[in-house]
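Visitor: What follows is a predicted protein model with its sequence.
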There are 2 protein chains.
Amino acid sequence: MTEHLASWNDGDAKSKILGFVRSVTEPGDSFVPEAERVATFDNDGTLWCEKPMYVQADFVLRRWRAQAQADPAKANEQPWKAVVEGDRAWLAGMLDHVPELINGMTEAYDGITTEAFEAAVREFFDSARHPTLGVPYTKVGFRPMRELVDLLDDNGFTVYICSAGGRDFVRVVSEAMYGVPRDRVIGSGTTLEYRQGDVYRTKGVEQPVDDGPGKPIHIWTRTGHKPLLAGGNADGDIAMLETARFGLLVRHDDAKREFAYDTGAEKALAEAKERGWTVVSMANDFGTVFGL
Amino acid sequence: MTEHLASWNDGDAKSKILGFVRSVTEPGDSFVPEAERVATFDNDGTLWCEKPMYVQADFVLRRWRAQAQADPAKANEQPWKAVVEGDRAWLAGMLDHVPELINGMTEAYDGITTEAFEAAVREFFDSARHPTLGVPYTKVGFRPMRELVDLLDDNGFTVYICSAGGRDFVRVVSEAMYGVPRDRVIGSGTTLEYRQGDVYRTKGVEQPVDDGPGKPIHIWTRTGHKPLLAGGNADGDIAMLETARFGLLVRHDDAKREFAYDTGAEKALAEAKERGWTVVSMANDFGTVFGL
């Protein structure tokens, strides 16, 4: 079993994970049948790098730029205005402008089919590069986490991604990056409409959003289970981790190889102590960070 | 491959199904990789008997009766009033009273956890009997359809149930009745709320409902695919069948062994002709109807 986690350093996190997987797969009091071995992982910051900005934010910013070029009137309206003017302050504080942000997000690809959206996402992954790492975004996944997914998969778990970000965005690369097929990607989405054989994106946001308390709800509707094991990295993952038997929290403390920040994870780190979640230090527990 | 459909009579429907499965699984122009072999089946009237009333309607009527007994004030309010007074006319015309119906449906199990709801459903299936067939509802599934699910399963398809009825209702018996695990049941549901480790049912209806144009939307959000093969029996299945490469429509024309009715399937039967969907005659194509 150990050979699965080749990129993990020996230590508390690795041995707790291996111990848990053994305990639910080997005969005994804590054995869990395969059908109930459900694992769920957040994506941004847990399976792939979320700094200096969310991968999907880069995708949407490029689209806003293209939209403003095609329709200059848009350049007077946020968030297109900020992109055209290179207004970093506005963009950095985007979460203080939620209505404009949501409007921009849903309008970016409004009215096209799910297939056309997928083609746009694929084109992004084929061409874009991570701004500081300089590699395609398909290379910014964490190798130790991919190994963990494989370990679980080989031990009868069914692994789902449960992302606050876009379900239809992550689906495009989930199989190639993590070995998680598209039907096992849970995430947020726009509202959809059916017309004459096709499904079209529309300008609303599917409720609830797959973040915070929305995560256990999405996981229930999609799997009919609570997770046996759940992994996250931020406060938005707390509810999901609360419902899991084994909680794992990735801590970004490796300024040298990735990014160091606890911002947005303060409550999760505090709750990890209370609830005995396994905190994974990227600096100490990851032998290698990238390299999918 | 033929041995799979042992309860099907030889004929057009059986040979079209076998021909299609062969065409997508054997090397050649119409070969489809396993990851894209998605099949979706409606449940009521397609996989199990929906007459003289929906199975879930019986479940809810029993609950309304119990609620009115526990709280006599409820007996003044529809739909509880109709149940207490045995008002068959009101109940038969229930679909003309949608607000009261939805209110009654969502209030029946409002505020309890998904686990508590599941226990109530299980208790129903353990105790209730079909009103005319006299057997537990777990015995009213169509054996030829179960054989079709098995055929697809053995040929690399991933089979989902896509029910207009309650996802969390059907999930409880889907594995035992059809060999379809709970995470592959797509259906309608109440809104949900997360509180301190548990998911609670609340008094709204998840949008869109998984019927008519809602079906392809649910199928997309859950699977990331259009179905390669879809099976239904009613007008509410038209949109789902329109998105599938192979459409199958179960026709209820067997008054002797099941029920004979085209009501609610008139448009679907007309569209079947235009689009070349395979119409399955229960009278002629099913050698056996029940017997799971």
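Guide: Perfect, thanks for sending it. Numbering: from 1, shown residues only, chains lettered A, B, ... in the order given.

Visitor: which parts of stretch A:198-213 are buried?
Guide: A:Asp198, A:Val199, A:Tyr200, A:Arg201, A:Glu206, A:Pro208, A:Val209, A:Asp210, A:Asp211, A:Gly212, A:Pro213 (16 or more other C-beta atoms under 10 Å in any protein chain shown). Glycine gets a C-beta too; all of them are placed from N, C-alpha and C.

Visitor: neighbouring contacts of that stretch?
Guide: A:102, A:106-107, A:109-115, A:117, A:162-164, A:167, A:186-194, A:214, A:217-218, A:235-236, A:238-239, B:193-194, B:207, B:216-217, B:220-221, B:243 (C-beta atoms under 8 Å, 6 or more residues apart in numbering or on different chains).

Visitor: Which residues are in contact with A:Glu193?
Guide: A:Glu193 touches A:Val199, A:Tyr200, A:Thr202, B:Pro213, B:Ile217, counting by C-beta under 8 Å, 6+ apart.

Visitor: you'd agree it is in a strand?
Guide: Yes - assessed by DSSP: H, G, I helix; E, B strand; the rest coil, A:Glu193 belongs to a strand.

Visitor: who does it bridge with?
Guide: Beta-bridge pairing for A:Glu193 (DSSP bridges): A:Tyr200.

Visitor: And the pLDDT for it?
Guide: Looking at A:Glu193, its pLDDT reads 98.

Visitor: A:Leu101 now?
Guide: Looking at A:Leu101, its pLDDT stands at 85.

Visitor: Same check on A:Thr2?
Guide: So, for A:Thr2, pLDDT stands at 61.

Visitor: cool, and the one 3 residues further on?
Guide: As summarised for this prediction, A:Leu5 has a pLDDT of 96.

Visitor: Over to the one 5 residues further on?
Guide: Looking at A:Asp10, its pLDDT is 97.

Visitor: Also the one 10 residues further on?
Guide: If you check A:Phe20, the pLDDT there is 98.

Visitor: The host helix or strand of it: how far from the chain's middle?
Guide: Taking DSSP states H and E as the criterion, the element that holds A:Phe20 is helix A:12-25. Relative to its parent chain, helix A:12-25 has a centroid offset of 23 Å by C-alpha atoms, centre = their mean, to the nearest Å.

Visitor: Could you do stretch A:227-241 as well?
Guide: Taking mean C-alpha positions (C-alpha atoms, centre = their mean), stretch A:227-241 and its chain are 11 Å apart.

Visitor: Give me the phi and psi for the nearest residue to A:Leu133 once chain neighbours are set aside.
Guide: Computed as C-beta to C-beta, 6 or more residues apart in numbering or on different chains, the closest residue to A:Leu133 that is not its neighbour in sequence is A:Val140, at 6.1 Å. With angles defined as degrees, to the nearest 10, A:Val140 sits at phi -100, psi 20.

Visitor: Model confidence for A:Val140, exactly?
Guide: Reported pLDDT for A:Val140: 97.

Visitor: quick one, strands of chain A?
Guide: Here chain A has its strands, by DSSP state E, at A:38-41, A:158-166, A:185-188, A:190-195, A:198-205, A:229-232, A:246-253, A:260-261, A:278-281.

Visitor: from those, which stretch is densest packed?
Guide: Ranked by mean neighbour count under mean count of other C-beta atoms under 10 Å in any protein chain shown, the strands of chain A are led by strand A:229-232, which reaches a mean of 28.

Visitor: for that strand, packing partners?
Guide: When contacts are defined as 3 or more C-beta pairs under 8 Å, 6 or more residues apart in numbering or on different chains; DSSP states H and E, strand A:229-232 packs onto strand A:38-41, helix A:143-154, helix A:238-242, strand A:246-253.

Visitor: and A:Tyr109, how many neighbours?
Guide: For A:Tyr109, the neighbour count with other C-beta atoms under 10 Å in any protein chain shown is 22.

Visitor: Sorry, slip of the keys, the one I care about is A:Ala239.
Guide: A:Ala239 has 23 nearby residues by other C-beta under 10 Å.

Visitor: Next up, the contacts around it.
Guide: Per C-beta under 8 Å, 6+ apart, neighbours of A:Ala239: A:Gly212, A:Pro213, A:Gly214, A:Lys215, A:Pro216, B:Tyr194.

Visitor: and the residues you listed, which of them are in helices?
Guide: In this view, the contacts of A:Ala239 that belong to helices under DSSP state H are A:Gly214, A:Lys215, A:Pro216.

Visitor: Could you point out which of the residues you listed is nearest to B:Gly28?
Guide: The closest of these to B:Gly28 turns out to be A:Lys215 (C-beta to C-beta; 43.3 Å).

Visitor: Verify the contact between that closest one and A:Met240 for me.
Guide: Yes - with contact defined as C-beta atoms under 8 Å, A:Lys215 counts as touching A:Met240 (4.0 Å).

Visitor: Need the residues touching each of these two.
Guide: A:Thr40, A:Asp42, A:Cys162.

Visitor: Leaving out chain neighbours, which residue sits closest to A:Glu262?
Guide: Just to correct that, residue A:262 is Asp rather than Glu. Per C-beta to C-beta, 6+ apart, closest to A:Asp262 is A:Leu269, 6.3 Å.

Visitor: Was I right to think that neighbour contacts A:Val250?
Guide: No - contact criterion C-beta under 8 Å: A:Leu269 and A:Val250 do not qualify, at 10.9 Å.

Visitor: Give me the common contacts of those two.
Guide: With C-beta under 8 Å, 6+ apart applied, the contact sets of A:Leu269 and A:Val250 do not overlap.

Visitor: Give me the pLDDT value at the nearest residue to A:Ile161 once chain neighbours are set aside.
Guide: Spatial nearest neighbour of A:Ile161, chain neighbours left out: A:Val185 (4.9 Å); criterion: C-beta to C-beta, 6+ apart. pLDDT recorded at A:Val185 is 98.

Visitor: I'd like to check which residues are in contact with A:Val185.
Guide: Here A:Val185 is in contact with A:Tyr160, A:Ile161, A:Ser163, A:Arg167, A:Val170, A:Arg171, A:Ser174, B:Gly224 (C-beta under 8 Å, 6+ apart).

Visitor: any chance of those residues in a markdown table, plus distance to B:Ala92?
Guide: Listed next are the contacts of A:Val185 as a markdown table, based on distance: C-beta to C-beta, whole Å:
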| residue | distance to B:Ala92 |
| --- | --- |
| A:Tyr160 | 42 |
| A:Ile161 | 46 |
| A:Ser163 | 46 |
| A:Arg167 | 41 |
| A:Val170 | 47 |
| A:Arg171 | 44 |
| A:Ser174 | 48 |
| B:Gly224 | 40 |
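
Visitor: Farthest-apart pair in these, please.
Guide: Greatest spatial distance among the contacts of A:Val185 (C-beta to C-beta): A:Ser163 and B:Gly224, at 13.5 Å.

Visitor: What are the buried residues along the helix holding A:Phe20?
Guide: Across helix A:12-25, burial judged by 16+ other C-beta under 10 Å covers A:Ala13, A:Lys14, A:Lys16, A:Ile17, A:Leu18, A:Phe20, A:Val21, A:Val24, A:Thr25.

Visitor: Quick check: the gap between A:Glu107 and chain B.
Guide: With the distance defined as C-beta to the nearest C-beta, to the nearest Å, A:Glu107 ends up 20 Å from chain B.

Visitor: do A:Val83 as well
Guide: Taking C-beta to the nearest C-beta, one finds A:Val83 at 29 Å from chain B.

Visitor: In contact with the residue nearest to that residue when sequence neighbours are not counted, which residues?
Guide: Excluding its sequence neighbours, the residue lying closest to A:Val83 (C-beta to C-beta, 6+ apart) is A:Trp64, at 4.5 Å. By C-beta under 8 Å, 6+ apart, the residues touching A:Trp64 are A:Pro79, A:Trp80, A:Val83, A:Gly104, A:Ala108.
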